[in-house]
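In: here is a sequence together with a model predicted from it:
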Amino acid sequence: MLYQSTAPLDLMFQALADPGRRLMVERLCHGPASVSELAKPLEMTLSAVMQHLAVLETSGLVRSEKAGRVRTCRIEAAALRTAESWIGDRRTLWERRLDRLGDFLDETPEDPKQGGTP
């Protein structure tokens, strides 16, 4: 089996490991927001919010632009699709394995010595 580099996914999942950053991503899924808007529901300093946003930007999940004194952040949907695709591939793999196990168990006769029905 060939393995592709997982560096982009590693950065994404590391960024999403923090609950504050996940809240920021959830908020940005509803549309662009300024840094101060993202900071409002969080119990952290604006400086800490900026550090978290830097992690999200490095991971590719968020993009920001500064216009005057306002920094506006946006979600990068393509990055989310990459993570979704990776998770979907794992789900598909396990669903197939479980289907095969179910088929095997359906075809396997039960052993009466084990207490099953003959």
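Out: Yep, it's here.
In: counting by contacts, list what the longest helix seen in the chain packs against.
Out: When the chain is scanned for its longest helix (criterion: DSSP state H), the result is helix 77-107. In terms of contacts (3 or more C-beta pairs under 8 Å, 6 or more residues apart in numbering; DSSP states H and E), helix 77-107 is packed against helix 7-16. Placement of C-beta: from N, CA and C, glycine included.
In: buried residues in the helix it packs on?
Out: By 16 or more other C-beta atoms under 10 Å, the buried positions in helix 7-16 come out as 9, 11-12, 15-16.
In: next: stretch 26-38.
Out: For stretch 26-38, by 16+ other C-beta under 10 Å, it's 27-28, 33, 35, 38.
In: ditto for stretch 49-60
Out: For stretch 49-60, by 16+ other C-beta under 10 Å, it's 49, 52-53, 55-56, 59-60.
In: CA atoms only for that stretch, dumped as PDB, please.
Out: Taking C-alpha atoms only, stretch 49-60 is exported to PDB below (Å, rounded to 0.1, in the frame of the first residue of the first chain):
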ATOM      1  CA  VAL A  49      -6.900  34.500  19.900                       C
ATOM      2  CA  MET A  50      -4.300  35.700  17.400                       C
ATOM      3  CA  GLN A  51      -2.000  32.900  18.300                       C
ATOM      4  CA  HIS A  52      -4.800  30.300  17.800                       C
ATOM      5  CA  LEU A  53      -5.700  31.900  14.500                       C
ATOM      6  CA  ALA A  54      -2.000  31.600  13.400                       C
ATOM      7  CA  VAL A  55      -2.200  27.900  14.100                       C
ATOM      8  CA  LEU A  56      -5.500  27.700  12.100                       C
ATOM      9  CA  GLU A  57      -3.900  29.600   9.200                       C
ATOM     10  CA  THR A  58      -0.700  27.400   9.200                       C
ATOM     11  CA  SER A  59      -3.000  24.400   9.000                       C
ATOM     12  CA  GLY A  60      -4.700  25.800   6.000                       C
END
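In: now do it, average pLDDT.
Out: Mean pLDDT, computed over stretch 49-60, is 96.
In: cool, stretch 98-115 as well?
Out: 80.
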